[in-house]
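Q: 3D, please:
(one chain, ligands or ions: 1)
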Amino acid sequence: MTQPFIIAIDGPAASGKGTLSRKLAARFDLPHLDTGLTYRAVAHALLESGKPLDDEDVAVDAAKSIDLGKLDRNVLAVHTIGEAASKVAIMPYVRVTLVEQQKAFANTLPGAVLDGRDIGTVVCPDAQVKLYVTASPQERARRRWLEIQERGNLSGIEAEYETILTDIKKRDERDMGRADSPLKPAEDAHLLDTSQMDIETAFAKALSIVKQAQLA
Ligand code: C5P
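A: Numbers count the residues shown, from 1 in each chain. From the prediction side, this is the model:
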């Protein structure tokens, strides 16, 4: 193998892209990077230091010092950090700094699975496979709500369905509407709408798309 094999997965919050990415990485024995965690780590550093979320100099310093091997999902998964991450993510120099590290991760042999918002469009435009995973806002809110019920509401988010739905729509607007690297499918991405699918069905579809790309 001389070229890294890269699977790029994009989509909005709670679309199922994280679960699919982890399953694909395990199936193809590839390292996985959840790039959302990198934006969350920067947001976390700013929140901890008490600096405003739009202080680009401090945010870029935080972005330079993150360690991709030490992103702690348990710490970073909380709702407030996700919200802060989507504000930090509009700053161009923060993105440039993180994208550089994400590209290096992807382009190391044997390749990798990366998921986020701009993987197929910006981070890995030459990826062998691109998936755009989506689901209706209502279905994504329902999944989040169920997840929170199962975790016993320890995540710091209101477990009200309507609140979750409003938050999801706001986050979509912010991620799709920003000037730099907005969330959108790459032209050559395979669209996977999981609104009517359970995770096993979605995984089977994703698997067949990746296998086809391997043969190409
Ligand atoms: O996927 P997750 O919810 O962890 O991402 C948190 C936020 O980080 C997103 O709402 C988005 O604003 C930002 N993000 C991004 N580009 C990525 C991954 C995440 O802008 N590749």
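Q: neighbours around Ser208, how many?
A: Ser208 has 11 neighbouring residues, counting by other Cβ atoms under 10 Å. (Glycine included, C-beta is placed from N, CA and C.)
Q: so is it in a helix, a strand, or just coil?
A: Using DSSP: H, G, I helix; E, B strand; the rest coil, the structure places Ser208 in helix.
Q: please renumber so the chain begins at 439
A: Okay, residue one is now 439; in that scheme the one you just asked about reads as Ser646.
Q: pLDDT score for it?
A: Note on Ser646: pLDDT of 97.
Q: Distance check, it against Lys455.
A: Distance, Ser646 to Lys455, by Cβ to Cβ, to the nearest Å: 17 Å.
Q: Any regions of this structure where pLDDT drops low?
A: Along the chain, segments meeting pLDDT under 70 span 439, 590-596.
Q: Show me what from it comes close to the ligand.
A: Applying Cβ under 6 Å from any ligand atom, we find that the chain lies next to the ligand at 451, 473-474, 477-478, 520, 523-524, 527, 554-556, 609, 613.
Q: farthest-separated two in those residues?
A: Gly520 and Asp556 (16.5 Å; Cβ to Cβ).
Q: Quick check: can you list the domain ranges of the protein?
A: Following the assignment in automatic domain parsing, the chain carries domains at 439-469+549-654, 473-545.
Q: so how far is the first one off the chain centroid?
A: What separates the centre of domain 439-469+549-654 from the centre of its chain is 7 Å, taken as Cα atoms, centre = their mean, to the nearest Å.
Q: Please apply the same query to the last one.
A: Mean C-alpha position of domain 473-545 versus that of the full chain (Cα atoms, centre = their mean) differs by 12 Å.
Q: how close does Asp492 sit to Ile528?
A: 9 Å.
Q: ok, now which ones touch Leu603?
A: If a contact means Cβ atoms under 8 Å, 6 or more residues apart in numbering, then Leu603 has Pro575, Gln576, Ala579 as its contacts.
Q: for the residue positioned nearest the centre of the chain, what are its contacts?
A: Compute the mean C-alpha point of the chain, and by Cα atoms, centre = their mean the closest residue is Gly554, 2.8 Å away. Under the criterion of Cβ under 8 Å, 6+ apart, the neighbours of Gly554 are Ile447, Asp448, Asp472, Thr473, Gly474, Gln540, Val561.
Q: and the first one, that one's in a strand?
A: I take that to be Ile447. Yes. Counting by three-state DSSP, Ile447 is part of a strand.
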